[in-house]
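>>> got a sequence here, can you model it:
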Amino acid sequence: MDIMKKVIIIGAGAHAAEVEEYILENNAIKPEIEILGFLDDSLENYQKTQLLFPLLGGIFTYDVPSDVELILTVNSIKLRSKIIEHFISKNIKFTNFIHHTSRIFRTSKLGFGNILCPYTQVGPHVVIGNHNIFNNRASVGHNTIIGDNNIFNPNSGLSGHTKVGNANFFSLNVVTIPNVSIGDNNVIAPNMVLEKNIKSDSTFFHRFKEVVLVIPKE
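Here you go, the predicted structure:
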């Protein structure tokens with residue numbers, strides 16, 4: 001009988017609840033991960049989310065056993081960076097979680113600590129670093145290179161030969177055209193089509209000046 005991987009989920013918010021359910025879905029097909037519980041600094045947050053597994057303690061105060069790996073579900077880029085640095089300094093490992101509906105081409109490479117939610121697709125010859133979140137239906141085109149600690153919200157789409165640095169936040173429905181380069185620490189607003197390179201430390205958005213008319217039926 002295969003030994004299940006022992007995992008603690010960091011964060012007890014909405015995304016943690018999603019990942020908890022995704023793990024249970026995967027385990028129903030092939031048992032691989034044993035959830036020990038959650039780490040979060042807010043008991044109120046944990047109780048509100050109504051998670052199935054226990055709150056073990058605070059993020060920075062709980063002593064994680066050396067044989068346990070972590071899944072990071074916190075959505076704040078800055079807090080994520082602090083958490084990653086804290087646990088790596090203690091030689092605690094982060095594991096990849098890949099939902100069974102995701103598709104990863106055999107020629108692509110993933111680091112560690114990544115989360116691939118349902119129906120994510122990673123195309124051929126893609127290189128992905130560490131600690132990235134790919135939410136539902138995210139798509140990564142061929143020959144794309146992605147760094148560390150990026151968050152891709154649902155329906156994000158990176159076309160072929162896109163380059164993404166570190167610590168970027170891609171909001172809902174953000175897509176790129178091919179051959180776009182994106183630096184570090186950027187926030188991309190929802191529904192954007194990125195047609196040019198973005199350096200670093202920017203918020204990318206545009207204003208809609210058009211008037212929306214609602215015509216009632218007679």
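
>>> roughly how far does Ile84 sit from Ile59?
Using C-beta to C-beta, to the nearest Å, Ile84 is found at 11 Å from Ile59. Yep, even glycine has a C-beta here, placed from its N, CA and C like the rest.

>>> my bad, should have said Ser76
Ser76 sits 12 Å away from Ile59, going by C-beta to C-beta.

>>> next one: His131
15 Å.

>>> neighbour count winner among those two?
More crowded of His131 and Ile59, by other C-beta atoms under 10 Å: His131, with 24 against 20.

>>> secondary structure class for that one?
Put simply, His131 is coil when judged by DSSP: H, G, I helix; E, B strand; the rest coil.

>>> wait, what's in contact with Thr162?
Thr162 makes contacts with 140-141, 144-145, 176, 178-182, as judged by C-beta atoms under 8 Å, 6 or more residues apart in numbering.

>>> oh, I was asking about Pro54
Counted by C-beta under 8 Å, 6+ apart, Pro54 has contacts 37-38.

>>> and the residue lying closest to Pro124 once chain neighbours are set aside, how far is that from Phe170?
Nearest residue to Pro124, sequence neighbours excluded (C-beta to C-beta, 6 or more residues apart in numbering): Phe105, at 4.2 Å. Counting by C-beta to C-beta, the gap from Phe105 to Phe170 is 21 Å.

>>> the more surrounded of these two?
Between Phe105 and Phe170, counting by other C-beta under 10 Å, Phe170 is the more crowded of the two (31 against 13).

>>> beta partners of the more buried one?
Listed by DSSP bridges, the beta-bridge partners for Phe170 are Phe152, Ile188.

>>> my guess is it contacts Pro154. True?
No. Using C-beta atoms under 8 Å, Phe170 makes no contact with Pro154, being 10.0 Å away.

>>> point out the other helices and strands that the biggest helix by length in the chain packs with.
When the chain is scanned for its longest helix (criterion: DSSP state H), the result is helix 14-29. Helices and strands touching helix 14-29, by 3 or more C-beta pairs under 8 Å, 6 or more residues apart in numbering; DSSP states H and E, are strand 5-10, strand 33-39, helix 43-49, strand 97-98.

>>> ok, residues contacting the second one?
Looking back up the chat, that one is strand 33-39. For strand 33-39, the external contacting residues (C-beta under 8 Å, 6+ apart) are 4-12, 16, 20, 23, 26-27, 46, 51, 53-59, 62, 64, 68, 97.

>>> same question, the third one
Residues lying outside helix 43-49 but in contact with it, judged by C-beta under 8 Å, 6+ apart, are 12-14, 16-17, 38, 40, 55.

>>> what subset of those is buried?
Buried by 16 or more other C-beta atoms under 10 Å: 12-13, 16-17, 38, 40, 55, out of the contacts of helix 43-49.

>>> rewinding a little: buried ones from the contacts of strand 33-39, can you make that a ChimeraX selection?
In ChimeraX, a selection of the buried entries from these looks like this (16+ other C-beta under 10 Å):
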select :7,8,9,10,11,12,16,20,23,26,46,51,53,55,57,59,62,64,97
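
>>> show the pLDDT at the closest residue to Val19 other than its chain neighbours.
Leaving aside its sequence neighbours, Val19 sits nearest to Thr73 (C-beta to C-beta, 6+ apart; 5.3 Å). pLDDT for Thr73: 98.

>>> and the protein, what are its domains?
The chain breaks down by automatic domain parsing into domains covering 5-89, 98-201.

>>> gap between the two ends of the last one?
The reference is to domain 98-201. Using C-alpha to C-alpha, to the nearest Å, the end-to-end distance of domain 98-201 comes out at 29 Å.
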